[in-house]
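>>> can you look at this prediction? I've put the sequence above it.
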Amino acid sequence: MSCQEERPAPGPAGVVVDGTKITICEALEVTALSAGDQPVEPSDAAAIEAAEARAAGLQDVDEAAPPLGGLAASARAATDANAHAKRDEDKTTLADVLADATAKLGGADKEVEREDAVRVVGAEVRSKPDATSRPGGVAASIAAAARLNRGRQ
């Protein structure tokens, strides 16, 4: 289900009862909306790489290299370019990388589960000097999707 398709209205307590769950790509697209104006940082790239690996069905990023031209590759290139950008306006943003994540991953997607959130949050936090995640960023969006999916039957 793409983000553009209509979802059924939530039932009691906000729970969707038809089995519709949020996918990794949808959560990444939410990040493009919530923190899209922020420049891509190395911690974002690590979280995107972990999310892409999980969407592809890999248990760990180390199982295989991220696909060439995938979201992780774009995020890594963005962090390299951003390190050399002289002005903030010239930096690549999360929206630049994550907009249309569903199309960019070419069908590699799955419903977000708790284990996906653990891997993505861990990757982002390990990659930041202050060991925190970005509010509204990749890890936060994946974790929120996992929490919402838990309540959907």
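Structure received.

>>> quick one, helices of this structure?
24-34, 42-55, 71-84, 94-98, 101-104, 114-126, 138-150 (DSSP state H).

>>> could you identify which of those is most buried?
Ranked by mean neighbour count under mean count of other Cβ atoms under 10 Å, the helices of the chain are led by helix 42-55, which reaches a mean of 27. (C-beta placed from N, C-alpha, C; glycine too.)

>>> so what secondary structure elements neighbour that helix?
Packing partners of helix 42-55 (3 or more Cβ pairs under 8 Å, 6 or more residues apart in numbering; DSSP states H and E): helix 24-34, helix 71-84, helix 94-98, helix 114-126, helix 138-150.

>>> switch the ones you listed over to TSV; also include distance to A55 and mean pLDDT.
Formatted as TSV, the helices and strands packed on helix 42-55 follow (distance: least, Cβ to Cβ, whole Å; pLDDT from 0 to 100):
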stretch	distance to A55	mean pLDDT
helix 24-34	4	96
helix 71-84	9	96
helix 94-98	12	97
helix 114-126	8	96
helix 138-150	10	96
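
>>> out of the helices of the chain, nearest to T132?
T132 lies closest to helix 114-126 among the helices of the chain, at 6.7 Å (Cβ to Cβ).

>>> show me what the closest one packs onto, helices and strands only.
Partner elements for helix 114-126 (3+ Cβ pairs under 8 Å, 6+ apart): helix 42-55, helix 138-150.

>>> let's have those helices in TSV, adding distance to L71.
Formatted as TSV, the helices and strands packed on helix 114-126 follow (distance: least, Cβ to Cβ, whole Å):
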stretch	distance to L71
helix 42-55	5
helix 138-150	10
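
>>> ok, which of the ones you listed comes nearest A123?
helix 42-55 (3.8 Å).

>>> leaving out sequence neighbours, find the closest residue to the residue nearest the centre of the chain.
Central residue of the chain (Cα atoms, centre = their mean): L28, 3.3 Å from the mean position. With sequence-adjacent residues excluded and distances taken as Cβ to Cβ, 6 or more residues apart in numbering, L28 is closest to A101, at 4.0 Å.
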